[in-house]
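>>> Using only what follows, build the 3D model:
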Amino acid sequence: MAQPQIIIYSAPWCGFCHAAKQYLDKQGITYQEKDIDEDPAAAEEAVKKSGQMGIPVLDIDGEIIVGFDRPRIDAALSK
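Residues are numbered from 1 along each chain as shown. Below you'll find the model as predicted:
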């Protein structure tokens with residue numbers, strides 16, 4: 001099965017962002033991280049994709065998940 005393309009929009013101060021990244025790390029899943037504090041364009045991108053200001057925003061092969069929603073993350077990863 002091909003590895004899904006994953007982008008996580010996060011910030012260093014965000015606890016749920018750390019939880020989401022740890023969850024993927026434990027499963028050996030690679031992802032691209034975009035720090036919204038360092039990169040205002042990434043912050044804009046996250047808002048455009050999610051329609052919200054909250055983080056983390058996970059883009060798993062085009063499926064947008066806001067927050068550390070483990071059941072939705074698992075469902076998106078199993079597609």
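>>> gap between the residue positioned nearest the centre of the chain and I29?
With distances taken as CA atoms, centre = their mean, L58 lies nearest the centre of the chain, 2.3 Å away. Using CB to CB, to the nearest Å, L58 is found at 11 Å from I29. (C-beta placed from N, C-alpha, C; glycine too.)
>>> between those two, what contacts are shared?
I6 (CB atoms under 8 Å, 6 or more residues apart in numbering).
>>> For the protein, which segments count as helices?
Counting by DSSP state H, residue ranges of the helices within the chain are 15-26, 40-50, 70-77.
>>> Quick check: buried residues in the first one?
Same thing as helix 15-26. Buried residues in helix 15-26, counted by 16 or more other CB atoms under 10 Å: C17, A20, K21, L24.
>>> The second one too?
Residues A42, A43, E45, A46, V47, K49, S50 are the ones in helix 40-50 that count as buried (16+ other CB under 10 Å).
>>> Fine by me, thanks again.
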